[in-house]
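J.: Provided below for reference: sequence and predicted model.
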Amino acid sequence: MSSTTVVNMMSIKNIIHHEPQYNRPAWTTPFWPRLRDSLIEDPKLFNHLHLECGICLTDMSIFPHDHTFSPDEGLTPEKKMMSHRARILPCGHMFGNKCLHTMIDEALKDMEDGESPEIACPSCRVVFSPHSDCGHPHSGKFMPTTMEGIYAMPATLAEGGVLSHRCGECLAVEIISVVAVLAPVFTPPLDLTDRETLITYGTGANLHYWAVNLEESANIYDEFVREIPLGDALQRVCDEITERLVQNSKKRWYSEDFAGLKFKLMLQRDIRPRAMEYWEAVEVLEDGEANFDLRLNLD
């Protein structure tokens, strides 16, 4: 009985070194619902995308090996390192990452502290920002590059999707703070000095991380001492939180990607000299210099 070989057209080898199909026209419509449905019907379409940004009318990149950066452009160091990767707004229209963030920054620059301007899609004028509870701007989501990523994308506003009440940054800090509150309940007691603390981290699959320390202190805990095991019970809670976030992300729009979110507890220490120790050290140095000058004068 002969076996059948299945070729995975979504492999990295095929994405980077795929054989061209000259008779197939490129897909040029930067509207996510139509593109999504076509990709689901035929994943080979990934190899035939030619999407232009509706703001600058230049090509948007899709795959990581296509991303380019322009260090000489942009107003801030962060902007200079931004690619022009395709980004999807909740209405479904797509724009380049750098152009979209520049547009948002322009809307924010004349605002007073605490003000949250409404920002609309350049194509359809549907308002997609800000988030209602925190007031922070929304910036859409990067176009996925896998079928799993496509199925994980939320529905557009017209299809029943909603803008999250809080932005991804605020939501992440809130959730990690909950884990930080639960940590002392689920972990063995720690004999901490007044220069040590427990910091809770959340790290996403894109290596973006958040750190929460519930202690109000002027100390800077910049030395990592050791990782504190979560334990089975707290790990189950963290896994459930991550699963709920992933499920919610299929319905709600927030700019962060919480797939693969991992939690860690780290014991950290402030290694800076205390104020009194610092001034004592300064005084010793000054006395030493004075004695040295005195010896020179005597000589």
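T.: The structure has been received and is ready for your questions. Bear in mind the structure is a predicted one, so any value in this text is a computation, not a measurement.
J.: All the helices of this protein, residue numbers only.
T.: Shown for the chain, the helices assigned by DSSP state H span residues 12-17, 32-41, 77-80, 97-108, 147-152, 168-186, 231-248, 275-298.
J.: Out of those helices, which gets the lowest mean score?
T.: When mean pLDDT is averaged over each of the helices of the chain, helix 12-17 scores lowest at a mean of 47.
J.: Where does pLDDT dip in the stretch 51-200 of the chain?
T.: 69-81 (pLDDT under 70).
J.: where exactly do the strands run in it?
T.: In the stretch 51-200 of the chain, the strands defined using DSSP state E, counting those that start in this stretch lie at 86-88, 94-96, 119-120, 127-129, 141-142, 162-163, 196-203.
J.: Can you give the distance of the first one from its chain's centre?
T.: Relative to its parent chain, strand 86-88 has a centroid offset of 15 Å by C-alpha atoms, centre = their mean, to the nearest Å.
J.: packing partners for it?
T.: strand 94-96, helix 97-108, strand 141-142 (3 or more C-beta pairs under 8 Å, 6 or more residues apart in numbering; DSSP states H and E). In short, each C-beta sits where N, CA and C put it, glycine included.
J.: Show me what counts as buried in that strand.
T.: 86, 87, 88 (16 or more other C-beta atoms under 10 Å).
J.: So which of those is the closest to residue 202?
T.: Within the buried residues of strand 86-88, proximity to residue 202 (C-beta to C-beta) peaks at residue 87, which comes in at 22.9 Å.
J.: ok, the closest one to residue 51 distance?
T.: In this view, residue 87 and residue 51 are 11 Å apart by C-beta to C-beta, to the nearest Å.
J.: ok, now residue 146?
T.: Distance from residue 146 to residue 51, by C-beta to C-beta: 17 Å.
J.: between these two, who's got more neighbours?
T.: residue 51 (21 against 12; other C-beta atoms under 10 Å).
J.: Contacts only, for the more buried one.
T.: Applying C-beta atoms under 8 Å, 6 or more residues apart in numbering to residue 51 gives the contacts 27, 28, 29, 30, 59, 60, 62, 86, 94.
J.: how does the chain divide into domains?
T.: As given by automatic domain parsing, the domain ranges for the chain are 12-160, 168-269.
J.: related to what we said a few turns ago, right, so of the strands of the stretch 51-200 of the chain, which gets closest to residue 235?
T.: strand 196-203 (13.3 Å).
J.: From the chain's centroid, how far away is the closest one?
T.: Per C-alpha atoms, centre = their mean, the centroid offset for strand 196-203 relative to its chain is 18 Å.
J.: what's the answer for stretch 103-117, then?
T.: 21 Å.
J.: which outside residues touch it?
T.: With C-beta under 8 Å, 6+ apart as the criterion, stretch 103-117 contacts 55, 75, 95, 119, 122, 129, 130, 135, 136, 137, 139.
J.: The residues you listed: which two are farthest apart?
T.: 55 and 135 (24.1 Å).
J.: how close does residue 139 get to residue 205?
T.: 18 Å.
J.: Comparing these two, which shows the higher neighbour count?
T.: More crowded of residue 139 and residue 205, by other C-beta under 10 Å: residue 139, with 22 against 11.
J.: Quick check: phi and psi on that one?
T.: Note on residue 139: its backbone torsions stand at phi -130, psi 20 [degrees, to the nearest 10].
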